[in-house]
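Q: Fold the following, please.
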Amino acid sequence: MALWSTGPNRTLDANSLAYSTRNLSTRLVVPVPLRFIGKFSNLSRRRHEGVCCSSLTKAASASSMESQDAPSALSASVEEELDHVMRFKMSDFKILDRISVGLGGRADEVVFEAIVMDVGSPLYNTRVVLLQLSSVQAQRRGKRAIEVLKKLVRRKLMYHSYSLQVHGYISLPASEHRGSFILVHGYHGSFSLRHWLQQSDWLPTLEATLALDEESVRKVGEDTTGGPAVSRQLRIIRLLMRDLLIGVNYLHSHGLAHTELRLENLHISPVDRHIKVGILGNAADFYEDGSDAGSMDSMDRRQMMIAFDMRCVGFIMAKMVLRELMDPLIFAKFKAFLTKGYDPSCLRELMLEIVGGNSSSGNAGLQILDRNWGAGWHLLSLLLANNPSKRISCLDALRHPFLCGPRWRVVPSMEIIRWGLGSTAMRITEEYIYRQPQRNRLAHFIELMEMLNPHPKPKNWLELLPGKWRLLYCTGRHIGLTLRQPPARVLIRDVHLTVSRASKLKANLSFVSNIGFTVMIGQDWPHDKSGKNGSLEVKSLFGLKAGRRLYLKQEEQEKSAEKFSFGPSSSETDLAQKLSGKKWRKVIPFKEFPSSLPAAKLVAGDIDVSMTLDDPLNQDVGTARNVLQEVRMQIPPEMFDLSKLVCGTYVDSRLLVLRGVNGSALVFTRTFVNDSSCR
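A: Presented below is the predicted three-dimensional model:
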């Protein structure tokens, strides 16, 4: 929360308090102290009569009569429900000069800082926060926050460490047909986590607040402190995320879901250096009143509510790492991507287009998520999974490699191993320095991915293959512009393969290869890459069947060397030698190297080729012929003649590997670039 200063006076009368309240905005924009003067009086027309706080000063006399007269605001039954917390009087507090309207953007909540002045109270001389709730809905949230304490108070240490403490309440008598309910809760600084992250010097300030000592180093499993800004930011994110997950798991273990997890409801205490989960006014029980905890309906309700909280944690993690998502417009694109049902494992392709400029080297958030073989993207995809049953739990997230430093030895699952192989292959292709060592590494990773293919059956391919894929790399020959003198200078842009299912009843697929290119005119092409745009489109129908990929013996490969040109390390002997090493021995689920692996066989039909060019190139047949010849020379032959694609050897929600008739492998990543439905 951000609390604004109302003036130098340490006590407030009814007139000044009502004046300050009427002139306050309902949304926190600037999280710095702001003093209100008379020239802002034109803002008093805002409709906040429902949160007028003159009752705070009038409450002193009203609360003094509570010992003589029966309270009119709460019935006896309500008092019994709230008897496990303290009931305060307004005379117990000294109101400070800091006030804010709209905690989390709500106009029916007014926040005051105060100091407990009652000598007999255990909170004597302690700073607290008074949250005045005016509307019926706001009062219901305040009373619900007190009721939740009955379940959480059994483990006071955990509650005090990871939740915003609720000390009690003040019940004011009804006035003008409406009452007021004031919640008294702990003070943990004026900033929420959103306000922390919006500061220009948030990283060093937050490091100083958290006091990164040896205890903090042990907590995140880091061997070193300090370091570059990316490493420092990763350490802070690990601390905050682990604290948040522990606090949320504490709620889940007590049968509660927060349902309102967001940056505005998280606070950092400089005293114990813990994340405090905000007021539990909307906390929901897993099991409804009278329902059986073991029934299927209750289990489904529990799973759905936990999944909802974990999705909120995913949004919090995304905003902490990718600070561009603080922008409401960018976050709207991010959320629309998920709302439309796209797989969150493909978020990297989307974020590269939105914030990275097709490069991750200049963005600290993308670098953080790319570390440790893309472990950050994997955790984010599990937190934001479209299927609630597939979202990760708090305990599993705490054991995820992204949140565990090098001091902790985490045994990765097969899913994380596959993810790491694919992420590493993608990063190598983005470097675009295809020397022989890199080509060998890429071929090695592709072969490992094929060995660990999670979807070998054609029925899985029918579900995962349809979509738009971008070509990342081909293990075949690579021809560029620098060592030749072609008749037309052509710069290849993105190469896409769009797969659609012709019929749900048959295993028929439509493949469309789209190659975008630029024809550079003139002699200054090494420095000026502008020119005329064009595109080449190839269409074909494919049938999908079950097949096997055979590994040739060394002698068989030598006999067929004159007919086929295999990629590097394609023989069984060389591949088995690599995989028999100590590094990969525990990863490959085969005791002996297999002679064949299951694959999805592709049976091609007729081919349809069309090319478009901008003016004036489309009027010259000879130039168009030269351009087509140059495009065919630079792109993989399988993208021009789709009938040369013979099988698919790896597919998941984000990566695809297809094999050509000459043995070369084409690696694709699922993309949403230029897709109007994502905009």
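Q: tally of neighbours for P636?
A: For P636, the neighbour count with other Cβ atoms under 10 Å is 24. For glycine as for every other residue, the C-beta is placed from the backbone atoms N, C-alpha and C.
Q: quick one: the residue nearest to it when sequence neighbours are not counted from G516, how far?
A: Nearest non-adjacent residue to P636, counting by Cβ to Cβ, 6 or more residues apart in numbering: C474, 4.2 Å away. Separation of C474 from G516 (Cβ to Cβ, to the nearest Å) stands at 17 Å.
Q: again, but for S269
A: 53 Å.
Q: Then N282?
A: 49 Å.
Q: where in the stretch 401-550 of the chain is pLDDT low?
A: Residue ranges of the stretch 401-550 of the chain with pLDDT under 70: 432-433, 481-483.
Q: what residue is smack in the middle of this structure?
A: The residue lying closest to the centre of the chain (Cα atoms, centre = their mean) is A318, at 3.6 Å.
Q: thinking again about what came up before, who are the contact partners of the residue nearest to P636?
A: By Cβ atoms under 8 Å, 6 or more residues apart in numbering, the contact set of C474 is 636, 638, 664-667.
Q: which secondary element of the protein has the worst mean pLDDT?
A: helix 14-22 (a mean of 35; mean pLDDT, DSSP states H and E).
Q: For Q199, what is the enclosing helix or strand?
A: Here Q199 sits in a region with no helix or strand, counting by DSSP states H and E.
Q: measure it to T205 for me?
A: For Q199 relative to T205 (Cβ to Cβ), the value is 6 Å.
Q: per-residue confidence for F593?
A: You'll see F593 listed with a pLDDT of 63.
Q: what does Y124 give?
A: For Y124, the model assigns a pLDDT of 90.
Q: Can you get me a residue count around it?
A: 12.
Q: does it sit in a helix, a strand or a coil?
A: Here Y124 is recorded as coil under DSSP: H, G, I helix; E, B strand; the rest coil.
Q: cool, F402 as well?
A: helix.
Q: Low-confidence stretches in the stretch 1-150 of the chain?
A: For the stretch 1-150 of the chain, the ranges with pLDDT under 70 are 1-83, 98-105.
Q: if you set the cut-off to 90 instead, what comes out?
A: The model of the stretch 1-150 of the chain has pLDDT under 90 over residues 1-93, 95-113, 118-123, 126-150.
Q: My guess is V230 contacts I368. True?
A: Yes. Assessed by Cβ atoms under 8 Å, V230 is found in contact with I368 at 6.1 Å.
Q: ok, these two, which is more surrounded?
A: Neighbour totals were compared for V230 and I368, and I368 leads with 22 against 15 (other Cβ under 10 Å).
Q: Helix or strand: which one has K459?
A: In the assignment (DSSP H and E), K459 maps to helix 458-464.
Q: By neighbour count, which bits of the helix or strand that that helix is followed by are buried? Give me those.
A: With elements assigned by DSSP H and E, the helix or strand that comes after helix 458-464 is strand 467-474. By neighbour count on 16 or more other Cβ atoms under 10 Å, the buried set for strand 467-474 is 467-474.
Q: And strand 467-474, how far out from the chain middle?
A: Computed by Cα atoms, centre = their mean, to the nearest Å, the chain-centroid distance of strand 467-474 equals 23 Å.
Q: can you check stretch 626-646 too?
A: When C-alpha coordinates are averaged (Cα atoms, centre = their mean), stretch 626-646 and its chain have centres 38 Å apart.
Q: got the contact list for that stretch?
A: By Cβ under 8 Å, 6+ apart, the residues outside stretch 626-646 that reach it are 471, 474, 476, 479-480, 486-490, 492, 495, 497, 511, 513, 515, 517, 519, 534, 536, 538-540, 542, 601-602, 604, 607, 609, 611, 613, 617, 658-662, 664, 666.
Q: for H455, helix, strand, or coil?
A: Assignment for H455 (three-state DSSP): coil.
Q: One more: G281?
A: With three-state DSSP as the criterion, G281 reads coil.
Q: just checking, it touches Q139?
A: No. At 9.7 Å, G281 does not count as touching Q139 under the criterion of Cβ under 8 Å.
Q: In terms of packing, which of these two has more residues around it?
A: It is G281, of G281 and Q139, that has more neighbours when counted by other Cβ under 10 Å, with 26 against 23.
Q: Which strand or helix spans the closest residue to the more buried one other than its chain neighbours?
A: Once flanking residues are discounted, G281 sits nearest to R141: 3.0 Å by Cβ to Cβ, 6+ apart. Using DSSP H and E, R141 sits in helix 136-152.
Q: Show me how far that helix is from its chain's centre.
A: On Cα atoms, centre = their mean, the centre of helix 136-152 falls 30 Å from that of its chain.
Q: what does the helix or strand that comes right after it contact?
A: Following helix 136-152 in sequence order, the next helix or strand is helix 156-162 (DSSP H and E). Residues outside helix 156-162 that contact it (Cβ under 8 Å, 6+ apart): 149, 152-153, 165, 243, 246-247, 250, 272, 274-277.
Q: Swap in 7 Å and give it another go.
A: Applying Cβ atoms under 7 Å, 6 or more residues apart in numbering, the contact partners of helix 156-162 are 152-153, 243, 246-247, 250, 272, 274-277.
Q: which parts of it are buried?
A: 158-162.
Q: And stretch 229-240, by the same measure?
A: Using 16+ other Cβ under 10 Å as the test for burial, stretch 229-240 gives 231-240.
Q: Export those to CSV and append columns for secondary structure, distance to I330 and pLDDT.
A: Shown next, in CSV, are those (DSSP: H, G, I helix; E, B strand; the rest coil; distance: Cβ to Cβ, whole Å; pLDDT from 0 to 100):
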residue, secondary structure, distance to I330, pLDDT
S231, helix, 25, 85
R232, helix, 24, 84
Q233, helix, 19, 88
L234, helix, 21, 89
R235, helix, 25, 87
I236, helix, 22, 88
I237, helix, 19, 91
R238, helix, 24, 90
L239, helix, 25, 88
L240, helix, 21, 91
